[in-house]
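> just coords:
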Ligand SMILES: O=C(O)C(=O)C[C@H](O)[C@H](O)COP(=O)(O)O
């Protein structure tokens, strides 16, 4: 029997993945050992928000197998409510991540086709029960990129949220290789989903794809122009958040955050991050920081600053997820800090 989640909880809907990585500098096709981490964009947000103290439920389907249980354990450790995760016979989605090494960039290879999540029928998931009394549904553009069944799952999620009166956060998370693997029409699918969203995590390039208009170039003016066009096209949207990344080298990036609301705009200064321990999951950490403050009704400035802080912290943490407390996040200052004793 499924119990109610805490009122005002966040529901994260998406696929849990296992990531397998060779040592940095060893190509996958020459590797003898792989390091395992649990990921999945929406699960990363669930783990971050739950660790920060918010009530969070994950809505998903995993394999009823040791690999599925490994993924579930990561959510459990962070205190995420797992009662709406269906366990089924089948396989978990995997991905291989070759970390960047010196001048060689990082590379992701997916092995997730036919996973229990990707093949789930919306009727197998209890959207209504999970969303009852919820304060937010978070999903991303990865689910509809998985194929026609993924499109149906994402549609069912946003429709159930509309029915339950729950606001939706949609993170664009554009994964070209997933969309290109089937006869897809990302623009029409993503437009339909963003029409139901209140919060969009996405930059001017995501908005270019949605509107079919090119906001090329960079800089705050292009981003603001893109956000204004998105607000005009999508009446439900109140908040658009994005990061601007400047890649200096594999281990040194600059990162700034921007939040646009209809009446206010904020872009942080760029912070230089070096050396980067693990860049994967930093976009999800940013989303979690923004959503933490959005749930509190904070200003664009506070959302941008908190999102940026959590994203910067994640660059120093191995794996896809970050699990820090609110006290740790509030005390964080990106500086050359030695051991605190
Ligand atoms: O690729 C996928 O489908 C995944 O879900 C695996 C990762 O956990 C996220 O992609 C991390 O996303 P970023 O925060 O943008 O680095």
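Nice, I can see it. A quick note: this is a predicted structure, and the numbers were derived from the prediction, not measured.

> Could you report the neighbour count for the closest residue to residue 99 other than its chain neighbours?
What sits nearest to residue 99 in space, not counting adjacent residues and going by Cβ to Cβ, 6 or more residues apart in numbering, is residue 24, at 4.3 Å. The way it works is simple: take the backbone N, C-alpha and C, and place the C-beta from them, glycine included. Applying other Cβ atoms under 10 Å, we find 14 residues neighbouring residue 24.

> which residues sit in contact with residue 24?
For residue 24, the contacting residues are 99-101, taking Cβ atoms under 8 Å, 6 or more residues apart in numbering as the criterion.

> Need those in JSON lines (columns: distance to residue 323, pLDDT and secondary structure).
Listed next are the contacts of residue 24 as JSON lines, based on distance: Cβ to Cβ, whole Å; pLDDT from 0 to 100; DSSP: H, G, I helix; E, B strand; the rest coil:
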{"residue": "99", "distance to residue 323": "20", "pLDDT": "95", "secondary structure": "coil"}
{"residue": "100", "distance to residue 323": "24", "pLDDT": "92", "secondary structure": "coil"}
{"residue": "101", "distance to residue 323": "26", "pLDDT": "91", "secondary structure": "strand"}
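
> Which of the residues you listed are buried, as a PyMOL select command?
To isolate in PyMOL the members of the contacts of residue 24 that are buried, counting by 16 or more other Cβ atoms under 10 Å, one can use:
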select buried, resi 99+100+101
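
> Look at the residue nearest to residue 99 and give its secondary structure.
Secondary structure of residue 24, reduced to three states by DSSP: H, G, I helix; E, B strand; the rest coil: coil.

> If you count contacts, what does the lengthiest helix in the chain end up packed against?
If you go by DSSP state H, the chain has its longest helix at helix 148-164. With contacts defined as 3 or more Cβ pairs under 8 Å, 6 or more residues apart in numbering; DSSP states H and E, helix 148-164 has these neighbours: helix 127-131, strand 136-140, helix 142-145, strand 168-171, helix 186-194.

> what does the protein put close to the ligand?
Within the chain, the residues that sit near the ligand (Cβ under 6 Å from any ligand atom) are 17, 39-41, 44, 95, 142, 175, 280-284, 320.

> Include secondary structure, pLDDT and neighbour count when you put the residues you listed into TSV, please.
As requested, the residues of the chain next to the ligand are arranged in TSV below (DSSP: H, G, I helix; E, B strand; the rest coil; pLDDT from 0 to 100; neighbours: other Cβ atoms under 10 Å):
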residue	secondary structure	pLDDT	neighbour count
17	strand	98	25
39	strand	98	23
40	coil	98	33
41	helix	98	26
44	helix	98	30
95	strand	98	19
142	helix	98	22
175	coil	94	18
280	coil	97	22
281	coil	98	28
282	helix	98	25
283	helix	98	23
284	helix	98	31
320	coil	98	26
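
> Closest to residue 60 out of those residues?
Minimum distance to residue 60 across the residues of the chain next to the ligand is 7.9 Å, recorded for residue 40 (Cβ to Cβ).

> quick one: contacts for the closest one?
Shown in contact with residue 40 (Cβ under 8 Å, 6+ apart): 14-17, 60, 71, 93, 320.

> Just give me the closest of those residues to residue 270.
When the contacts of residue 40 are compared for distance to residue 270, the smallest value, 24.0 Å, is given by residue 320; criterion: Cβ to Cβ.

> check contacts around the closest residue to the ligand within the stretch 51-200 of the chain.
The minimum distance from the stretch 51-200 of the chain to the ligand, using Cβ to the nearest ligand atom, falls at residue 142 (4.6 Å). Remark: with contacts taken as Cβ under 8 Å, 6+ apart, residue 142 is in contact with 14-15, 41-42, 173, 175, 178.

> all helices in this protein, in order from the N-terminus.
In the chain, the helices defined using DSSP H lie at 41-51, 66-77, 127-131, 142-145, 148-164, 176-179, 186-194, 204-211, 220-233, 282-295, 300-314, 326-331.

> Can you give me the buried ones in the second one?
Going back to what we said before, that points to helix 66-77. Buried residues in helix 66-77, defined by neighbour count with 16+ other Cβ under 10 Å: 67-68, 70-72, 74-75.

> where does the stretch 1-150 of the chain dip in pLDDT?
Within the stretch 1-150 of the chain, the set of residues satisfying pLDDT under 70 comprises 1-4.
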